[in-house]
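> Okay, here's the prediction I keep looking at, along with the sequence it came from:
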Amino acid sequence: MPDTIDLEFSVNARATSIRIEPRETLAEVLRERLALTGTKVSCDAQVCGACTVLVDGLTVSACTFLAADADGREVRTVEGLAADGELSLLQQAFIDHAGFQCGFCTPGMLMAATALLEEDPDPSREAVIQGLEGNLCRCTGYAQIIDAVLAAASLREATR
Amino acid sequence: MKRVTTRPQPPTPIGESVPRRDGVAKVTGAGRYTVDLGMPGLAHAKVLRSPYPHARIRAIDTAAAIVHPGVIAVVTADDLPDVHLVYGHSVADHPLIATGKVRFAGEPIVGVVADDAVTAEEALRLINVDYEPLPYSTSAEDSLGADAPIIHEKPGEQRAHRGFEEDIERTHPNVCSHSRQAWGDIDDAFARADLVVEGEYRYPRSYAYAMEPYNAIARWGEGDLTVWTSGQHPYMVREDLAHCFGLPLSAVRVVVPYVGGGYGSKSYTKIEPLTAALALRAGRPVRLALSIEESILTTRGDAATVRLRSAFDRDGHILGRQATILLDTGGYAENSPLVGRKAANRLGGPYRIPALEVTCSTVYTNTAPASSFRGFGAPQVTLAGESQIDEAAERLGLDPLEIRRRNVLRPGERPWPGVRGIDADLLADLDLAASELGWDTPLPAGRGRAICLSASDAGSEPMTTSVLRVHADGSVTVTCGSTEIGQGSSTVLAQMAAGEIGVELDRVHLLQSDTAAVTYDRSTGASRTTTLMGLAIQAAARDARAQLVDWAQESLAPDGPTVVEEHSGVRIGDALHDWGAIVRAWFGGHAGECIGRGYIRRHGTTEEMPPFWEIGCVGVEVSVEESTGEIRVEKLVTVGDVGCAINPQLVEGQDVGAAMMGLGMATREELVYEDGNLMNGNLFDYRVPRTTDLPELHTVIAERGDGVGLYGAKGGGEGSLNPVAAAIANAAWRAARIRLHEAPFTPERVWRALRERDATGG
Amino acid sequence: MIPRFSLVRSRTLAEAHDAFASGGGDTAWIAGGTELLQVMKMGYAQFDTLIDLKQIPDLHGVEERADGGLRIGAGTTHRTIERSPLVRRIVPALATLELGLANTRVRNTGTIGGNIAFAEPHSDPATFLLACGATIELASPVGRRVLTIGDFVLGPLWTAREADEIVVAIHVPPAGPGTGRAYEKIKFFERPAASVGVALTVRDGSIAEATVTAGSLTDVPTVVPAAVAALVGADADERSLDEPLRRATEAFGALEVGADHNGSADYKRHLATVLLGRAVRGAVSEALTHA
């Protein structure tokens, strides 16, 4: 009988209890146990950033993060960005600036950009470029993504 | 983005940068890809793969795996006597699972189906395979040697979908296909030449890296099969599945939801037959989801060696080009015969070439199979052709732009006899690129600039259909077999439908890529969707309109007057009747539907081939770091000559994405084989571009209404990749006086060229 | 996928050692897991039990020692180190190094102790800390011991740590008067192609002592003593360094450099010489501010 752990954590501000095996990654638990398939797994080696989620506000590679290590912590995924059905400024900016094409990198990119803007609400273009260096996109060539993040930042500044 | 527009004004919303239809789904994570789908009873499969590049399989011991708790089925070729194992739309040489021998390290040998994926993986470790390793070849040159190991003992049967008319020629047992393109008197061209430039150029084995790995779900019903897959060509896959399992096309359904990247690497059949075979034996629906490492071993881009010589007169006019091309197609043909055909066609580029002789052989090697990949032969041959044009300019004392101006085809001029004339104004494109790059402005020290061109016979075949359904409330459903792979088809096709039928965009809905519910489309590739599916939608809209006008006359004005067709309905006297009203009237109640059908084939405006020419026009400014050999692209200019940009924002995104992909292959990307094994089949050692690689960007869209598609549309999406390597190589010459002939131009390759330059005082 | 294992969480070192002693079969320590879980996923390692060390307070924190050096808890994340005001003051090159390591997600989760203990041959921290003369503090069930990096890292993925020992802290010597420490690396793919660490002391305007290390060139981070001989005695000013650097780079010629995806042995040696120049100049510059 494999070991199990009773995991209690917060997912997108919702208290969640679930019994898991120690080997289950956060990505597996989100996608397969909690039906939150927004977080994607691509390289499965912590390089591409497609699986980026926030744990207590910090970006992690959900593909290589034990779900067990999220016990008692706050996990945020792409599904939690829109509040009461209203897209976040960043999500809307991605639509306005076509900051995605196939969209497979997009959830991870949005979480990385969300963390970046939460720490640095008015970043320079260079700071956005550096901040998203660890998130790969094969479709866009990044230009429209960077534009979207900067646009979201300036909208946030304007509406403060 | 700069937009230069001289085409006629299309009806709204065509030509507008409307927000993407799949936007909310993709930014909220609600959008579903094949890998996100599930169903009750779904079982999970994993695959055991060969560690040897070339080996006979003596025995497979699966006894321990079969009894492992949670395992449902363990499947080898021997377990599939009721299945036609070998498929291949061009050359049928590819067994869905290894039969008796393996031809590349990574080839699937055993499939295990279990209740969950971790159990399936555990079971793989319990399988023993007894191999007899065979001599192998990992280069096209080695495969052509006198004592080369024979990779396919018998040639595969030639199939209908190879994409060209001629029979596939094999000149050596390891030659998969051989193509030839020739016109004019080549010997005379070289005899008359004032200058001959010769060289050998290499382009790497590449990995497209679609971020969603290959994955599929197969479910059997009573004599019918449904497969969900992350693929680009559901109708091609349907055909191969029907062939493998002896089913009529009508009993096979292939469904493609959002695709997490394709770039050609998801064209044609991949793991679908294997997944279906596993589901057949398991008696359960089965998901087979590959990792990225497995995906790299499934499909890659063709590596090329191009030996080219170009003959010029003293004024820089090209007199002739002669080339031999070797493409390394790996263990199986896949789509490489067509890549080879296209590489030969595209060697002439966008130029007037009085005499040309090109042969291209695709050669089997014991490496992962190569197939379609963005550019499709053009990046490979453009590196050679554009390097030689620049070299000729240097030696003749001509400006590199000027020599191109003297040679580019004029609009309407045929690159070779019998083909469609060039449907682009290349002189104007060159001027746009030069202006954006600042060609005539002072160049900072240590930098170099180059502008390079390509022209591809694109669009594949004009074989497509669409159905446009007008509902009783006047809203519209359009069905299109095109897949949404990121290029924005789900938006652009809806825009075209809305524009053609005269219904607001938010009352037009699209149903895509489900072979049971959506009528036939050949493929989503070759940059053909906007142009050809657009024409199909237009035809379907016109068919619907014609019926609706007749219906209006019959039901609303049976005794006259003559109804007048307008953009969004018909006018009878002073009254405007929208399409919905006409549908309801004709059916005599509150319901009904009008079905408009569009068929596109080689007929009328799409009789001539290719359907359109895809133009590449890219400019770069680069710096070369003398101490390490690192090349940095500082400025990048793309000109998207697309005839009519249905959605300009999306055209720009495609051009930037394509150019950055080209930048990756020009500077870092190559799959490296050593001792028969792939050394860097993972993202640690295969590097794709990142945010920090993005140069200062200048994008231009030129819309001159010169294509065969709606309002003069032509295809895009590959053009901006094709000239990138050549542009970087030529710019490196200008920056540092080094000639780079082997892509990727890695730091060491560049550094060695710099040191050789120093040693020879060059 | 990660193969099945049992997870034990320890709240003190004593608990951790007890759990290790009572665990049957293959047992390993886990901290951030960025490297360990990766090799387990790839099928290179399998364990019956993982003992998690993340909640042991003794393993966290950056402190200034009485001698002005640093004690960095092994469980400190790269992110904490890169942002630590203490690290930025006492050994700023370490903060810069940590900021340039892997990607931001790895830095948020991965720990310096995990990095040193895993002994990946390309490790940036190991290469630099070797130059600094840093030491590793280990705790076993019966006591503690301290090893230099050179005595700790024995080979690729191989250290002097006994199976039941836990890395508890890394100790970095103080930035004494005239001390300069620098780390330069170059990267073409995910892992460094080559790197050089330099720690030197300037006295009376010339380089009095130096340690030079090379990373990602041989199969472990390596001290290059012959490079030191060329540098000691050199005038510590910009214009006078060219000739000593040229002689120091010759020392790299004797290294057994492995060719790899980044390039041939010759090319990688050449990269190291470029990096040596940058690192020495950087270290001298810092030393002169501490004079």
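Yes, it's here.
> can you list the residues of the stretch 101-250 of chain C near chain A?
Where the stretch 101-250 of chain C comes near chain A, counting by Cβ under 8 Å from any Cβ of the partner chain, the residues are C:A102, C:N103, C:T104, C:R105, C:V106, C:N108, C:T109, C:E190. Heads up, the C-betas are built off the backbone N, CA and C, glycines and all.
> The same query, at a cut-off of 7 Å, please.
C:N103, C:T104, C:R105, C:V106, C:N108, C:T109, C:E190 (Cβ under 7 Å from any Cβ of the partner chain).
> measure the fourth one to chain B for me?
I take that to be C:V106. According to Cβ to the nearest Cβ, to the nearest Å, C:V106 and chain B sit 12 Å apart.
> My guess is that residue contacts A:A45. True?
No: with contact defined as Cβ atoms under 7 Å, C:V106 does not reach A:A45; the gap is 10.5 Å.
> more crowded one of those two?
Counted by other Cβ atoms under 10 Å in any protein chain shown, C:V106 and A:A45 do not tie: C:V106 has more neighbours, with 24 against 19.
> Check what pLDDT that one gets.
On the pLDDT scale, C:V106 is placed at 98.
> Just the helices from chain A, written as ranges.
Taking DSSP state H, the helices of chain A run over residues A:26-28, A:89-96, A:106-119, A:125-131, A:143-159.
> ok, now the stretch 1-150 of chain C?
All helices of the stretch 1-150 of chain C, identified by DSSP state H, counting those that start in this stretch, fall at C:13-22, C:36-41, C:78-83, C:85-90, C:92-99, C:104-109, C:112-118, C:124-132, C:149-152.
> hang on, isn't C:R161 packed against C:A117?
Yes: look at C:R161 against C:A117 with Cβ under 7 Å: they come within range, at 6.2 Å.
> Neighbour count: these two, which is higher?
C:A117 (23 against 20).
> now the more buried one: how far from C:R105?
As judged by Cβ to Cβ, to the nearest Å, C:A117 and C:R105 stand 20 Å apart.
> same deal with A:L150?
A:L150 is 22 Å from C:R105, by Cβ to Cβ.
> Among these two, which residue is more densely surrounded?
C:R105 (30 against 19).
> and the more buried one, what is it in contact with?
A:Q46, A:G49, A:T52, A:T59, A:V60, A:S61, A:G134 (Cβ atoms under 7 Å, 6 or more residues apart in numbering or on different chains).
> can those go into CSV with extra columns for distance to chain B and neighbour count?
Shown next, in CSV, are these (distance: Cβ to the nearest Cβ, whole Å; neighbours: other Cβ atoms under 10 Å in any protein chain shown):
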residue, distance to chain B, neighbour count
A:Q46, 9, 29
A:G49, 10, 29
A:T52, 12, 31
A:T59, 15, 28
A:V60, 17, 27
A:S61, 12, 31
A:G134, 8, 23
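> Identify the residue of the stretch 501-650 of chain B closest to chain A, quick one.
B:Q649 (4.9 Å; Cβ to the nearest Cβ).
> What is the burial count for the residue nearest to that residue when sequence neighbours are not counted?
Spatial nearest neighbour of B:Q649, chain neighbours left out: B:S17 (3.7 Å); criterion: Cβ to Cβ, 6 or more residues apart in numbering or on different chains. Using other Cβ under 10 Å, B:S17 has 18 other residues around it.
> surely B:S17 meets B:N647?
Yes: the pair B:S17 / B:N647 is scored as a contact, 5.6 Å apart, by Cβ under 7 Å.
> Which segments of the chain make up each domain?
If you meant another chain, say so; for now it's chain A. What automatic domain parsing lists as the domains of chain A is A:5-80, A:89-159.
> ah, I was thinking of chain C
C:6-52, C:57-172, C:179-289.
> quick one: is the first one near chain B?
No: legend: contact between domain C:6-52 and chain B by Cβ under 7 Å from any Cβ is lacking; minimum distance shown is 8.0 Å.
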